[in-house]
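Trainee: Give me the fold of what follows.
(3 chains)
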Amino acid sequence: MTKKHRQNLMSDNDDFFDRVYSVTRLIPFGKVTSYGAIAAAIGSPGAARMVGWALNKSLSQTPFVPAHRVVNRNGILSGKHYFGGSNTMQELLENEGVKVVDDKIVDFKLIFWDPKSEL
DNA sequence: CGTCTGACGCACG
DNA sequence: GCGTGCGCCAGAC
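Mentor: Numbers count the residues shown, from 1 in each chain, chains lettered A, B, ... in the order given. The predicted structure follows:
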């Protein structure tokens, strides 16, 4: 199954990355979700690693992709190191009212947003 | 075209 | 509950 073939099946799809960006932009302000949840939402459960990779690329994409709202299944900011080396990711989250302690989101389950709930 | 590499996740011990 | 191993898919070499 080639890339072009998949485009045929998903009419408004460009590629895997754009689907990740689309879902990520749907994350409400002050909410967070996980890589696996996004992967499952775009029809590729198990491709969580691809999501993280796509989000990395998204840092230089437009419009802005709230990649800081995506963490791993434990609520840990596994990608904070890619936001400029400082605590940028944590600051962005706290700026939205999301508490972060020791690189981990407080009450992760309570503010977790499931992408599939919007589909 | 074979291999390696990930911002992951799950099964297993 | 924690460490290890492996599968996952797409892109870079």
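Trainee: How about the residues of chain A by DNA strand B?
Mentor: A:34-37, A:46, A:48-53, A:55-56, A:58-59, A:67-68, A:70, A:72-74, A:78-79, A:82-83, A:89 (CB under 7 Å from any atom of the strand). (C-beta placed from N, C-alpha, C; glycine too.)
Trainee: List the ones among the residues you listed that fall in strands.
Mentor: A:34, A:70 (DSSP state E).
Trainee: pretty sure residue A:21 is in contact with residue A:59, am I right?
Mentor: No. Here residue A:21 does not reach residue A:59: they are 11.1 Å apart, not a contact under CB atoms under 8 Å.
Trainee: secondary structure element for the spatially closest residue to residue A:96 that is not a sequence neighbour?
Mentor: Leaving aside its sequence neighbours, residue A:96 sits nearest to residue A:30 (CB to CB, 6 or more residues apart in numbering; 4.5 Å). Here residue A:30 is covered by no helix or strand, with elements defined by DSSP states H and E.
Trainee: Look at residue A:30 and say how many residues are nearby.
Mentor: Residue A:30: 13 surrounding residues under other CB atoms under 10 Å.
Trainee: cool, and residue A:25?
Mentor: Around residue A:25 there are 13 residues (other CB under 10 Å).
Trainee: residues touching it, list them.
Mentor: A:63, A:65-66 (CB atoms under 8 Å, 6 or more residues apart in numbering).
Trainee: Could you measure from it over to residue A:101?
Mentor: Counting by CB to CB, to the nearest Å, the separation of residue A:25 from residue A:101 is 27 Å.
Trainee: For stretch A:76-84, C-alpha coordinates in CSV please.
Mentor: The C-alpha coordinates for stretch A:76-84 follow below in CSV (Å, rounded to 0.1, in the frame of the first residue of the first chain):
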residue,chain,number,x,y,z
ILE,A,76,5.2,12.8,31.3
LEU,A,77,6.7,15.5,29.2
SER,A,78,8.9,13.2,27.2
GLY,A,79,9.5,15.8,24.5
LYS,A,80,10.3,18.8,26.6
HIS,A,81,13.9,18.6,25.6
TYR,A,82,13.0,19.4,22.0
PHE,A,83,11.4,22.8,22.9
GLY,A,84,14.6,24.7,22.9
